[in-house]
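1. Prediction below, plus the sequence it came from.
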Amino acid sequence: MNDMRNQTEKHASRPSEPIQPTGRSTGSLPDDGCKNSNEINGLPGLPDARGVYPKSPSTDGISDLLDLATTALKRHLTLPPMAAEAIALWTVFTHCFDAFDTSPRLALISPMPGCGKTEAFKILRHLTHNALLASNTSSAAIFRLIEQQPRTLLLDELDTQVEGNEALRGILNSGHSREGATVLRAVRNGENGDWETHSYSTWAPVAMAKIGKLFPTWASRSIIISMRRKRPDEDRPHPNQRDKLAFDAMNEEVAIWAKANIEKLRNIDPEMPKGLANRDADNWKPLFAIADLAGGHWPKTARKAAAMLQSTEDPSRGEALLAVIKRVFHGDSMRSEDLCDAIKKDPDDSDIFKGLSARSLAKQLQSFDIKPDQIWAGEKIRGYKREWFEDAWLRYT
């Protein structure tokens, strides 16, 4: 394990396709509040047409680099709220993943083609450590590539590859935890032809893009971003070569910061927000650690992102729902519609459940064996009794 960690650190400061700036001029972020705007016409910190790079943030200023990455993602992609911030944190994670014991997958999903998944990967290729973007792969290719050197895998078009491919799914699952990130294969000895058992590492940052739902084992290991198709009135230009050079320069700065701070990250034990537990907490812990070390608004921003990005397939959304119901349930029984209204008005989680209806509430509670029924509460209503939630509250909140 130490050998693998040393090998990873050896490459920790080497971003993919490094570039050499021809020179630097002084510059700073504008003070007009556009740093995080979706409407800007140019990204602060980009090189000008001559290829001369404005002064970048110091290697201590990872907060500024995260802000820049967030701005770039919002400018070029149509994303749900807080997704750009989560992706920005994940890009930094790829440079220092060996500081942690969990490698959360970044999963970009969409209901149909044309929602920007591939375009997102083209950007991430310039913002992540030693990235390799592939639209088709095999299980053997993945573990052999990772064994060669630490790299970030950006796996596109997975919906065309995974049906019935248990080996590929197993390989991608295995790399989520450092301790389980090993696969065994029988290989023939080139000298005597005998078969030998070799172990291969699958420990690496992985992002995946897929149309449709994730397999449950992937969903539980992933930070899930539901991509959106842009509206006709939305301007999301594709990055040009100037943009990509700027992304590469930012990537170099992040690599320097990661190498300098990897030991600090190993020693951070970030505080988990309420409602985030088990594997979901494992997935977000590295990003919280990076955010806490970055400082500024990022500790709060990272936790807000975690609260807002729990997908309907993610078990932690159900746990969060139970926690809200526990807070807002009054009396011994409640009508379904009244409970929905109370959930949507809850100040802590109103954004997460703002589209909740009586039907969707019933569907989300099915996994906890809680179902609405006709009950008597001074009159006959369809709703829920408090006692039906008691067991689930004890188990999950």
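-> That came through fine. Residues are numbered from 1 along each chain as shown.
2. what's the burial count for residue 127?
-> Using other Cβ atoms under 10 Å, residue 127 is surrounded by 28 other residues. From N, CA and C alone the C-beta is placed, and that goes for glycine too.
3. so what's it scoring on pLDDT?
-> According to the prediction, residue 127 has pLDDT 96.
4. State the helix or strand in which the closest residue to it other than its chain neighbours lies.
-> What sits nearest to residue 127 in space, not counting adjacent residues and going by Cβ to Cβ, 6 or more residues apart in numbering, is residue 91, at 4.4 Å. Using DSSP states H and E, residue 91 sits in helix 83-96.
5. Against which helices or strands is that helix packed?
-> helix 62-76, helix 117-127, strand 222-226, helix 241-266, helix 278-294, helix 298-308 (3 or more Cβ pairs under 8 Å, 6 or more residues apart in numbering; DSSP states H and E).
6. how near is residue 280 to residue 320?
-> Distance of residue 280 to residue 320, computed by Cβ to Cβ, to the nearest Å: 9 Å.
7. re earlier: the residue nearest to residue 127 contacts residue 123, correct?
-> No - using Cβ atoms under 8 Å, residue 91 is not in contact with residue 123, being 9.3 Å away.
8. higher neighbour count, the two?
-> Each of residue 91 and residue 123 has its neighbours counted (other Cβ under 10 Å); residue 91 has more, 29 against 23.
9. so which of the helices and strands packed on helix 83-96 comes closest to residue 103?
-> Residue 103 sits nearest to helix 278-294 of all the helices and strands packed on helix 83-96, at 7.9 Å, using Cβ to Cβ.
10. Send me that closest one as PDB with only the CA atoms.
-> Taking C-alpha atoms only, helix 278-294 is exported to PDB below (Å, rounded to 0.1, in the frame of the first residue of the first chain):
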ATOM      1  CA  ASN A 278     -22.800   6.200   5.700                       C
ATOM      2  CA  ARG A 279     -21.500   5.900   2.100                       C
ATOM      3  CA  ASP A 280     -22.800   9.400   1.200                       C
ATOM      4  CA  ALA A 281     -20.700  10.900   3.900                       C
ATOM      5  CA  ASP A 282     -17.700   8.900   2.600                       C
ATOM      6  CA  ASN A 283     -18.300  10.400  -0.900                       C
ATOM      7  CA  TRP A 284     -18.400  14.000   0.300                       C
ATOM      8  CA  LYS A 285     -15.700  13.800   2.900                       C
ATOM      9  CA  PRO A 286     -12.800  14.500   0.500                       C
ATOM     10  CA  LEU A 287     -14.600  17.400  -1.000                       C
ATOM     11  CA  PHE A 288     -15.400  18.800   2.400                       C
ATOM     12  CA  ALA A 289     -11.800  18.500   3.400                       C
ATOM     13  CA  ILE A 290     -10.700  20.400   0.400                       C
ATOM     14  CA  ALA A 291     -13.300  23.100   1.000                       C
ATOM     15  CA  ASP A 292     -12.400  23.500   4.600                       C
ATOM     16  CA  LEU A 293      -8.700  23.900   3.700                       C
ATOM     17  CA  ALA A 294      -9.700  26.400   1.000                       C
END
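11. And the average pLDDT for that helix is what?
-> Across helix 278-294, pLDDT averages out at 95.
12. So which bits of it are buried?
-> Buried residues in helix 278-294, counted by 16 or more other Cβ atoms under 10 Å: 279-294.
13. Just the closest of these to residue 388, please.
-> Relative to residue 388, the closest of the buried residues of helix 278-294 is residue 280; by Cβ to Cβ it sits at 24.4 Å.
14. and the closest one, how far is that from residue 102?
-> For residue 280 relative to residue 102 (Cβ to Cβ), the value is 11 Å.
15. repeat for residue 185
-> From residue 185 to residue 102 the distance is 24 Å (Cβ to Cβ).
16. neighbour count winner among these two?
-> Taking other Cβ under 10 Å, residue 185 and residue 102 do not tie; residue 102 has more neighbours (17 against 13).
17. Quick check: chain neighbours aside, which residue is closest to the more buried one?
-> residue 282 (4.5 Å).
18. Likewise for residue 301?
-> Nearest residue to residue 301, sequence neighbours excluded (Cβ to Cβ, 6+ apart): residue 85, at 5.3 Å.
19. what about the one you found, how many residues close to it?
-> If you count neighbours by other Cβ under 10 Å, residue 85 ends up with 27.
20. Quick one: low-confidence residue ranges for the stretch 201-350 of the chain.
-> Applying pLDDT under 70 to the stretch 201-350 of the chain flags residues 310-316, 348-350.
21. now the stretch 51-200 of the chain
-> Scanning the stretch 51-200 of the chain with the threshold set as pLDDT under 70 gives 51-60, 160, 162-164.
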